[in-house]
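Colleague: Fold the following and give me the result.
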Amino acid sequence: MKTSLLTVACLAWATMGLQACSSSDVRPQAAEIPAAMNTTIEPGIRRSIEHDINDLISSFPAAAFDLVQAKAQGLVGEQMDGFLGVVSVDTPVEIRAMVVRINAQRQAEYQRIAVRNGVTVGDVAQLAGQRMHNIAAPGHFIKTPDDWQQR
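Modeller: Take a look at the predicted model:
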């Protein structure tokens with residue numbers, strides 16, 4: 001999985017407060033991941049990855065409070081690819097910038113987990129996306145293959 005130059009630029013601009021990003025720019029670009037998991041990850045490695053993902057979820061940064069508020073307001077949600085997405089076109093620039101920062105952190109962590117377990121970043125991201133969908137709170141939005149749905 002590669003992070004596009006546009007995503008990197010968007011991240012830099014957002015951290016400086018210079019420009020809003022479109023919803024397609026707030027996550028690393030990746031091939032479409034099918035809803036059903038079609039990978040052949042060994043069960044022991046899969047458990048290790050799932051453990052790492054749970055650790056990652058429980059150690060989200062201080063921005064987590066802002067993220068929870070943004071999710072509760074229906075501005076952002078979890079996508080099937082393991083990254084946050086912007087639900088509303090009216091999402092403020094500050095929230096979009098937070099999404100860019102969190103997605104960059106997730107990308108780095110997914111890469112670290114993938115290298116340690118000898119799998120692809122896409123495999124890790126897909127497992128993380130499934131986990132985030134499973135633990136989404138009532139009222140929060142999740143992206144399905146069709147569109148955003150409120151839990």
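Colleague: Stretch 143-151: which residues count as buried?
Modeller: residue 143 (16 or more other Cβ atoms under 10 Å). For the C-beta atoms, the positions are set from N, CA and C on the backbone; glycine is no exception.
Colleague: Only C-alpha atoms, please: export that stretch in CSV.
Modeller: The C-alpha coordinates for stretch 143-151 follow below in CSV (Å, rounded to 0.1, in the frame of the first residue of the first chain):
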residue,chain,number,x,y,z
LYS,A,143,-18.5,2.5,5.6
THR,A,144,-20.0,-0.5,3.8
PRO,A,145,-19.4,-1.4,0.2
ASP,A,146,-22.5,0.6,-0.6
ASP,A,147,-22.4,3.7,1.5
TRP,A,148,-22.1,5.0,5.0
GLN,A,149,-24.4,3.4,7.6
GLN,A,150,-25.1,4.4,11.1
ARG,A,151,-24.8,1.7,13.7
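Colleague: which residues touch it?
Modeller: Residues outside stretch 143-151 that contact it (Cβ atoms under 8 Å, 6 or more residues apart in numbering): 35, 74, 77-80, 85, 87, 136-142.
Colleague: so where's the protein uncertain?
Modeller: 1-39, 56-65 (pLDDT under 70).
Colleague: any chance you could map the helices in it?
Modeller: Ranges of helices within the chain are 5-16, 43-58, 64-72, 93-117, 121-135, based on DSSP state H.
Colleague: Flag every buried residue along the last one.
Modeller: Okay, so that is helix 121-135. 121-133.
Colleague: if I read this right, residue 117 contacts residue 48, doesn't it?
Modeller: Yes: counting by Cβ atoms under 8 Å, residue 117 touches residue 48, with 5.6 Å between them.
Colleague: on that earlier part again, from the contacts of stretch 143-151, keep the buried residues only.
Modeller: Buried among those (16+ other Cβ under 10 Å): 74, 77-80, 85, 87, 136, 140-142.
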